[in-house]
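Undergrad: okay, here's the prediction I keep looking at, along with the sequence it came from:
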Amino acid sequence: MPDKIYRINMTDLKVTNEEVPEQWKGLGGRGLTSTIVAQEVKPTCHPLGKYNKLVFAPGLLSGTTCANSGRLSAGAKSPLTGGIKECNAGGTAAANFARLGIKVLIIDGLPEKDTFYSLKVDKNGVTIKEETELGGKGNYEVVKNLTEKLGKKIGIISMGPVGEMRLAAANISVRTRDDYIRSLGRGGLGAVMGSKKIKYITIDDSDTPGVPIADPKKFKAAGKIFAKALAEHPVSGGALKNYGTDVLVNILNEAGGLPTKNFRYGKFAGHEKISGETMHDTIAGRSGKVSHGCHTGCVIQCSQVYNDKDQKYMTSGFEYETIWAFGADCCIDDLDVIAQADHLMDDIGVDSIETGVMIGVAMEAGIIPFGDGQGMLGLLKEIGSGTPLGRILGCGAAAVGKAYGITRVPVVKNQGIPAYDPRSVKGIGITYATSPMGADHTAGYTIATNILKVGGFVDPLKKEGQIELSRNLQIATAFIDSTGLCIFVAFPIIDIPAGFTAMVDMVNARFGISLTADDITKLGKQILRTEHEFNLAAGFTNKNDRLPEFFEDPVLPHNAVWDFTDEEIDSFWNF
Amino acid sequence: MKVKLFASLREGRFKEKEWEYVKGITVSHILGKLNINKVEVGALLVNSLHVGPDYTLQEDDILAVFPVLGGG
């Protein structure tokens, strides 16, 4: 059975389905969401208005036996940046969609009635229902309620109260197989879901034949080579499993690239207390899980289950960027307090990077002092309950900076700058400046080459080679984001050529096509250009590809400054 | 001179240790003394700057040794 496109019109409350047009057949994940948003969404539309569309797409390899292929992409015009947005997350939903033969779900229009709705997706198609019970509830309660009713195999995509309030830092949650939560985090897509009044989507893939594979023998052989590369590489096969992504705290601190006190310094005195090494020992001492996969088929297992002192569940998917934001950037050197914040943010449904950067700005503004963990938790609760202050905070770092009239506001295209100082890790600064997504480390993760020495080494403190590095990584990432593969497969496939070839072979075997390495580069470039052109049509210019001026001030320990010229930054787009 | 170890390299070794300075001592020499295989090593930093294994250390240097790491 060929894959289908489902269109859900929330104005008429009608569902239609159609065949996949030829030009979309070779696309999945980010490649597909960005292509659809660029083709079908008016670039100048209001992100919360009737012309915006919310698009969900599994990747090209989702639902197959390929390791680490469980990422789901969501796309729309972003309420935070005003540009195009794609974010992706783990959980079960991508595989659920793929097994149902759903290539993409496109939600458009706005309902007239002031009520919430749910979407039920199963082998019979998509049904829209009014939802009267779960409005106002947090994501954990939504997941609990729905799995009790529908069973443990159900896929769930939901929004929390912050999405319902349509605030620009709202995210979308995706259920993992064990009732934890993963987030389609950045860019406020939860607010778009809120504008369309969809509280949740359930996906039941029972009684489906599974994902068809054009050449099963070739697929199986390539899958084995790919899984072997992941298992053999020290990053995907060991480091991430044992220490999680939070292992980065100490190395970024040592390199002077750990933004501290709202990007004032490059080192944090409390780094050891919030490090991956400390997290590992804390989890092990409290009967948590040091390693955990967010979806079936994940062999990297970078996630974990973090318990409190009484060995009760606190959070999972406790990431470096979240821990950096609330830790070093806000000067809170207490992992338990940060874990409480992570839990609360998953529940109310806000992006933990945007919110952490925002709290740093709120501390700068004097709303609470730096280091005030309890004050920080209080502010998060204000966001969840929608007080007037909470609503400003829930719109992200740039909104708070504006409301309080301060200039040290680390954002690009209104999106909070994550966990790596662009002055002392210059390649990532080029990614922040140029990514069509706004400041996004995952878009072209130069940390691998600038700091970790994976895939070569480009000196993080020099300008030479950074633009080319960021460009090459952004092109490759645009392709990987289209496959449904976790971005962490990049570590092994950069270093192990057979792993890269196996990835391409699996895509070819799945669809009976014959992509080459050149085709993949072409596709990556095409996706980036499509996204960039949408942003230009939405009113952006090259002047939006700039970092805030406070990055001209030197940062310790290297006294590094952001010193790329406008012409140098603009040369990124010469491809 | 100080040596700092991180992540898996701490297992059975230490977190941080004063190291007796000997003129001409290289990073490689210290890795050898600590029984750290070069293939395990990701980044080497001296005083917050990346260096190679042949780097010759000075008396007040702080050497940080990281295994191959990833994340993000």
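TA: Looks like it came in fine.

Undergrad: these two touch, right, A:Lys153 and A:Thr208?
TA: No: at 11.7 Å, A:Lys153 and A:Thr208 do not qualify as touching, with contact defined as CB atoms under 8 Å. To be clear about C-beta, it is placed using only N, CA and C from the backbone, and glycine gets the same treatment.

Undergrad: more neighbours: which of these two?
TA: Remark: of A:Lys153 and A:Thr208, A:Thr208 carries more neighbours, 16 against 13, as counted by other CB atoms under 10 Å in any protein chain shown.

Undergrad: quick check: which element contains that one?
TA: Remark: A:Thr208 resides in no helix or strand, with elements defined by DSSP states H and E.

Undergrad: dihedrals phi and psi, the nearest residue to it once chain neighbours are set aside?
TA: Spatial nearest neighbour of A:Thr208, excluding adjacent residues (CB to CB, 6 or more residues apart in numbering or on different chains): A:Arg99 at 4.8 Å. Taking degrees, to the nearest 10, you get phi -70, psi -30 for the backbone angles of A:Arg99.

Undergrad: so A:Arg99 touches A:Gly210, yeah?
TA: Yes: counting by CB under 8 Å, A:Arg99 does reach A:Gly210; the two are 5.8 Å apart.

Undergrad: identify the contacts common to these two.
TA: Counting by CB atoms under 8 Å, 6 or more residues apart in numbering or on different chains, the common neighbours of A:Arg99 and A:Gly210 are A:Gly63.

Undergrad: neighbour count winner among the two?
TA: Each of A:Arg99 and A:Gly210 had its neighbours counted (other CB under 10 Å), and the higher figure belongs to A:Arg99 (21 against 13).

Undergrad: who touches that one in this structure?
TA: For A:Arg99, the contact set (CB under 8 Å, 6+ apart) comprises A:63, A:205, A:208, A:210-211.

Undergrad: swap in A:Glu40?
TA: Contacts for A:Glu40 (CB under 8 Å, 6+ apart) come out as A:53, A:106, A:108.

Undergrad: neighbour-wise, which of the residues you listed leads?
TA: A:Lys53 (23 neighbours).

Undergrad: quick one: contacts for it?
TA: In this structure, A:Lys53 makes contact with A:36-37, A:40-41, A:76, A:106-108, judged by CB under 8 Å, 6+ apart.

Undergrad: going by distance to chain B, which of the contacts of A:Arg99 wins?
TA: Top of the list for closeness to chain B, among the contacts of A:Arg99 and by CB to the nearest CB, is A:Gly63 at 25.2 Å.

Undergrad: doesn't A:Ile102 make contact with the closest one?
TA: No: the pair A:Gly63 / A:Ile102 is not scored as a contact, 9.7 Å apart, by CB under 8 Å.

Undergrad: which one's more surrounded, these two?
TA: Relative neighbour count places A:Gly63 above the other of A:Gly63 and A:Ile102, with 26 against 23, counting by other CB under 10 Å.

Undergrad: residue 14: how many residues sit nearby?
TA: As the question left the chain open, I've gone with chain A. The number of residues packed near A:Lys14 is 11, by other CB under 10 Å.

Undergrad: try chain B instead
TA: Here the count is done by other CB under 10 Å, and B:Phe14 has 11 residues near it.

Undergrad: quick one: the residue lying closest to A:Thr442 once chain neighbours are set aside and A:Met503, what's the gap?
TA: Taking CB to CB, 6+ apart, and ignoring the residues beside it in sequence, A:Thr442 has A:Ile487 as its nearest neighbour in space, at 5.7 Å. For A:Ile487, the distance to A:Met503 equals 13 Å [CB to CB, to the nearest Å].

Undergrad: now do B:His29
TA: With CB to CB as the criterion, B:His29 and A:Met503 are 40 Å apart.

Undergrad: have a look at the two and say which one is more surrounded.
TA: Each of B:His29 and A:Met503 had its neighbours counted (other CB under 10 Å), and the higher figure belongs to A:Met503 (26 against 15).

Undergrad: so how far is A:Ile368 from A:Gln374?
TA: Applying CB to CB, the value for A:Gln374 to A:Ile368 is 9 Å.

Undergrad: between those two, which one's more packed in?
TA: Counting neighbours by other CB under 10 Å for A:Gln374 and for A:Ile368 shows that A:Ile368 has the greater number, 17 against 10.

Undergrad: which non-adjacent residue is nearest that one?
TA: Spatial nearest neighbour of A:Ile368, excluding adjacent residues (CB to CB, 6+ apart): A:Gly375 at 3.5 Å.

Undergrad: mind telling me what element the residue nearest to the spatial centre of chain B is part of?
TA: With distances taken as CA atoms, centre = their mean, B:Val65 lies nearest the centre of chain B, 3.6 Å away. Assigning secondary structure by DSSP H and E places B:Val65 in strand B:62-67.

Undergrad: burial count for A:Glu533?
TA: By the other CB under 10 Å criterion, the neighbourhood of A:Glu533 contains 14 residues.

Undergrad: can you give me the buried ones in the helix or strand the residue nearest to A:Ile368 falls within?
TA: Taking DSSP H and E as the criterion, the element that holds A:Gly375 is helix A:373-385. Counting neighbours by 16 or more other CB atoms under 10 Å in any protein chain shown, one finds that the buried residues in helix A:373-385 are A:373, A:375-377, A:379-380, A:382-384.

Undergrad: contact residues of chain B facing chain A?
TA: B:4, B:6-8, B:10, B:40, B:42-43, B:45, B:48-50, B:64, B:66-72 (CB under 8 Å from any CB of the partner chain).

Undergrad: separate out the buried members of those.
TA: Buried among these by 16+ other CB under 10 Å: B:4, B:6-8, B:42-43, B:45, B:48-50, B:64, B:66-72.

Undergrad: show me what contacts the residue nearest to A:Val235 when sequence neighbours are not counted?
TA: Spatially, and ignoring its direct neighbours in sequence, A:Val235 is nearest to B:Gly70 (3.3 Å; CB to CB, 6+ apart). Contact partners of B:Gly70, counting by CB under 8 Å, 6+ apart, are A:235-236, A:239-240, A:448, A:452, A:454, A:488, A:491.

Undergrad: correct me, but A:Gly26 touches A:Ser514?
TA: No: with contact defined as CB under 8 Å, A:Gly26 does not count as touching A:Ser514 (11.0 Å).

Undergrad: comparing those two, which residue is more hemmed in?
TA: Set side by side, A:Gly26 and A:Ser514 show unequal neighbour counts under other CB under 10 Å, the larger going to A:Gly26 at 17 against 10.

Undergrad: gap between the more buried one and chain B?
TA: Remark: distance between A:Gly26 and chain B (CB to the nearest CB, to the nearest Å) = 27 Å.
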